[in-house]
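A.B. asks: give me the fold of what follows.
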Amino acid sequence: MRLRIHTFITLVVILSLVFAVARTSSAQQAPAARIKIDFDRTIGEVNPLLFGNFTEHLGRMIYGGIYEEGSPLSDQFGYRKDVFDVVKQLNVSILRWPGGNFASGYNWKDGIGPKDQRPTRIDLAWNDLESNRFGTDEFLRYCEMLGTEPYICVNAGLGTIDDARHWVEYCNESRHTYWADQRRKNGREEPYKVKYWALGNEIDGPWQLGNKSAEEYSKFALEMAKAMRLVDRDIKLVASGSSNYGADWIAWNRTVLNMLRNQVDYIAIHTYINNRDNDFERFLAWSQTIDNYIEITAGLIRQAQSGPNPRPIYIAYDEWNVWYRTGNREKLEEVYNFEDALAIGMFFNSFFRHANVVKMANLAQMVNVIAPIMTNKQGLFLQTTYFPIVEYGKQRGNIALDTFVSAPTYKIQNRPELKYLDVSTTYNAKDHALYVNVLNRSKDKDLATRIESQEGQLDSAVNVWEMNNSDLKATHTFGDDKKVRPVSRSVSAKIEKNGFTYTFPAHSLTILKLRLDTN
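C.D. replies: Next up, the predicted model:
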């Protein structure tokens, strides 16, 4: 009996030693991933215009969204006050209007003057009726209330060059001209000084009213640009890049850039992503496509600038989002889930990594229509996608850094392998603040990661912002929009050799804010 007890005790001691050694060995294992930050490897400024949005006359985006005359929730001008408050928190830097596909059949002159005298028109883009009660002055007043830059897309589909130049005159002319005086009659003495103008929307698309070939569009847009600049030489112009990726989109962008290189300041890119396969890791591999669109277009810009005295041209990613569940029948009222919120971080990481060329971006859209904000007659709720937009926006004006990342990889069909960690970093020199933005797109693997700085001393205090949820499909609705919310906390990192280890949970989006002692 004593022998058995002795044997049992011996076995317990041996097992305890084995487990202790195993824990120590696990603790001493090298981290699975590495993020190395070098402050000399700068990419460019995170332009404030990356945090733009988009308002199209589509479904309940305008009417019943930001604007609802007669509602107890609206002010005396018809703007929804509850919507305004949460839009204000988004800190939208630039707001695109009136479309979108809607722009290619829109006559801006229908939307000015006394509201009761404005005509109701058929909207051919979305098979709807347009009351025109929200027009140029209502839009520009809203932008002023928000403190955001207006960005107007002119009609390069069914519209004319005269329509475009007269619109600039109405908005920006200070002298007593016909259209400037029409603005004054409508209650606005001072010019609005709208700086950003798009030369049409998705004109390469067969779905677009006034669809044109690359050569037809470029010739038309060139004359339109010249006429608009003769009215106001200080405006910035955005060319319509290709959105028809089933066709030769590269040839379209090359033609447009070569023909408009002396007139435009940006070329537009549009991308909507989806998870139709219901495959989480495949869904978040869309970053390869986003990066590809940017890098190919950046190469085409460099090619167009190869001549003497090249004009600076940048990319305006002026439509981007997750969109695949709804169509016009549902008025694009997409309900977003937790994994869609992670995709928002993926987009911003790509924009930051290409901060030298992507200088504008507009989430499509702002309210109700594939949007982070949803309304009804009684109120609103915030979708899961709302929160990363707010948080990433705090990095505007920072300097994006070209950061070394080593991490386990995975492969989607015939694509190149990609890392489970999707990373961008930015630095605020004034505050000595370093932001490390990390999307862990592994469905089930936590990744211990060594984060190190090449220079400056990292402070041990780390602020953590994290979006994580056990249910990838978790959604919000009216009265229930608290389930998928970010959490913030402070942790004390053990700094060794100017670095530390942090574990990024599976299927999570994390922003670490670090302090750097550069003295």
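A.B. asks: what's around the spatially closest residue to Ile62 that is not a sequence neighbour, how many residues?
C.D. replies: Spatially, and ignoring its direct neighbours in sequence, Ile62 is nearest to Phe134 (5.1 Å; Cβ to Cβ, 6 or more residues apart in numbering). For glycine as for every other residue, the C-beta is placed from the backbone atoms N, C-alpha and C. Phe134 has 24 neighbours, counted by other Cβ atoms under 10 Å.
A.B. asks: surely Thr297 meets Gly241?
C.D. replies: Yes - using Cβ atoms under 8 Å, Thr297 is in contact with Gly241, at 6.8 Å.
A.B. asks: follow-up on the earlier one: doesn't the residue nearest to Ile62 belong to a strand?
C.D. replies: No - under the criterion used here (DSSP: H, G, I helix; E, B strand; the rest coil), Phe134 is coil, not part of a strand.
A.B. asks: wait, isn't Asn127 in contact with Gly327?
C.D. replies: No - contact status for Asn127 versus Gly327: not in contact, 11.4 Å apart, counting by Cβ under 8 Å.
A.B. asks: residues that sit against both of Thr297 and Gly241, list them.
C.D. replies: Both Thr297 and Gly241 are in contact with Asn253, Ile267, Ile269, where contact means Cβ atoms under 8 Å, 6 or more residues apart in numbering.
A.B. asks: now do the contacts for the second one.
C.D. replies: Contact criterion Cβ under 8 Å, 6+ apart gives Val238, Ala239, Gly241, Asn253, Val256, Leu257, Thr297, Ile301, Ile313, Tyr314, Ile315, Ala316 as the residues in contact with Ile267.
A.B. asks: now, these that are in strands?
C.D. replies: Residues from these lying in strands, with DSSP state E as the criterion: Val238, Ala239, Tyr314, Ile315, Ala316.
A.B. asks: list the residues that contact the fourth one.
C.D. replies: Yep, that's Ile315 we're talking about. By Cβ under 8 Å, 6+ apart, the contact list for Ile315 reads 266-269, 294, 297-298, 301, 354, 357-360.
A.B. asks: can you tell me how far it sits from Ile35?
C.D. replies: Ile315 sits at a distance of 26 Å from Ile35 (criterion: Cβ to Cβ, to the nearest Å).
A.B. asks: hang on, the earlier thing: would you format the shared contacts of Thr297 and Gly241 as a markdown table with distance to Asn463 included?
C.D. replies: Shown next, in a markdown table, are the shared contacts of Thr297 and Gly241 (distance: Cβ to Cβ, whole Å):
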| residue | distance to Asn463 |
| --- | --- |
| Asn253 | 40 |
| Ile267 | 37 |
| Ile269 | 33 |
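A.B. asks: between the residues you listed, which sits nearest Asn172?
C.D. replies: The closest of the shared contacts of Thr297 and Gly241 to Asn172 turns out to be Ile267 (Cβ to Cβ; 22.8 Å).
A.B. asks: all the strands of the stretch 1-150 of the chain, in order from the start?
C.D. replies: For the stretch 1-150 of the chain, the strands defined by DSSP state E, counting those that start in this stretch cover 33-37, 42-45, 52-54, 94-97, 121-123, 128-130, 149-153.
A.B. asks: circling back to that earlier point, now distance to Phe220 and pLDDT too, for the ones in strands among the contacts of Ile267, in a markdown table please.
C.D. replies: Listed next are those as a markdown table, based on distance: Cβ to Cβ, whole Å; pLDDT from 0 to 100:
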| residue | distance to Phe220 | pLDDT |
| --- | --- | --- |
| Val238 | 15 | 98 |
| Ala239 | 11 | 98 |
| Tyr314 | 22 | 98 |
| Ile315 | 22 | 98 |
| Ala316 | 19 | 98 |
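A.B. asks: all strands of the stretch 201-350 of the chain, in order?
C.D. replies: All strands of the stretch 201-350 of the chain, identified by DSSP E, counting those that start in this stretch, fall at 236-239, 266-273, 314-322.
A.B. asks: count the neighbours of the nearest residue to Gln89 once chain neighbours are set aside for me.
C.D. replies: The spatial neighbour of Gln89 that comes closest, neighbours along the chain excluded (Cβ to Cβ, 6+ apart), is Val390 at 6.2 Å. Here the neighbour count serves as a burial measure; for Val390 (other Cβ under 10 Å) it reads 16.
A.B. asks: swap in Glu223?
C.D. replies: One way to gauge burial is a neighbour count; for Glu223, by other Cβ under 10 Å, it gives 13.
A.B. asks: what about it, distance to Asn172?
C.D. replies: 19 Å.
A.B. asks: what of Val256?
C.D. replies: Val256 sits 25 Å away from Asn172, going by Cβ to Cβ.
A.B. asks: over to Ser492?
C.D. replies: In this view, Ser492 and Asn172 are 54 Å apart by Cβ to Cβ.
A.B. asks: and the residue lying closest to Ile273 once chain neighbours are set aside, what does it touch?
C.D. replies: Of all residues not flanking Ile273 in the chain, Trp286 sits nearest, at 4.3 Å (Cβ to Cβ, 6+ apart). When contacts are counted by Cβ under 8 Å, 6+ apart, Trp286 touches Ile273, Ala343, Met346.
A.B. asks: closest one of these to Ile122?
C.D. replies: Within these, distances to Ile122 taken as Cβ to Cβ reach their minimum at Ile273, with 31.5 Å.
A.B. asks: so what's the residue count around the closest one?
C.D. replies: When counting by other Cβ under 10 Å, one arrives at 20 neighbours for Ile273.
A.B. asks: Ala343 is in contact with that one, correct?
C.D. replies: Yes - the pair Ile273 and Ala343 qualifies as a contact (Cβ under 8 Å) at a distance of 6.4 Å.
A.B. asks: name the residues contacting each of these two.
C.D. replies: Both Ile273 and Ala343 are in contact with Phe283, Trp286, Val322, where contact means Cβ under 8 Å, 6+ apart.
A.B. asks: please enumerate the helices of the stretch 151-300 of the chain.
C.D. replies: Residue ranges of the helices in the stretch 151-300 of the chain, as given by DSSP state H, counting those that start in this stretch, are 161-172, 178-185, 214-231, 249-260, 280-283, 287-304.
A.B. asks: any low-confidence regions in this structure?
C.D. replies: Confidence mapping of the chain against pLDDT under 70 gives the ranges 1-29, 518-519.
A.B. asks: 90 instead, please
C.D. replies: Low-confidence segments of the chain (pLDDT under 90): 1-31, 307-310, 413-415, 455-457, 516-519.
A.B. asks: tell me which residue lies nearest the centroid of it.
C.D. replies: In the chain, the residue lying closest to the centroid (Cα atoms, centre = their mean) is Leu363, at 4.5 Å.
A.B. asks: part of a helix, is that residue?
C.D. replies: No - residue assignment for Leu363, taken from three-state DSSP, gives strand, which places it outside any helix.
A.B. asks: what is the burial count for Glu417?
C.D. replies: By other Cβ under 10 Å, 10 other residues sit near Glu417.
A.B. asks: repeat for the one 5 residues further on
C.D. replies: The criterion is other Cβ under 10 Å. On that basis, Asp422 has 23 neighbouring residues.
A.B. asks: spit out the contact partners of it.
C.D. replies: Contacts of Asp422 were listed using Cβ under 8 Å, 6+ apart, and they are Leu284, Ser287, Gly345, Met346, Asn349, Val438, Leu439, Arg441.
A.B. asks: ok, now with 6 Å
C.D. replies: Remark: with contacts taken as Cβ atoms under 6 Å, 6 or more residues apart in numbering, Asp422 is in contact with Ser287, Met346, Asn349, Leu439.
A.B. asks: including distance to Tyr142 and neighbour count, could these go into TSV?
C.D. replies: Written out in TSV, the entries for the contacts of Asp422 read as follows (distance: Cβ to Cβ, whole Å; neighbours: other Cβ atoms under 10 Å):
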residue	distance to Tyr142	neighbour count
Ser287	33	20
Met346	30	24
Asn349	30	23
Leu439	33	26
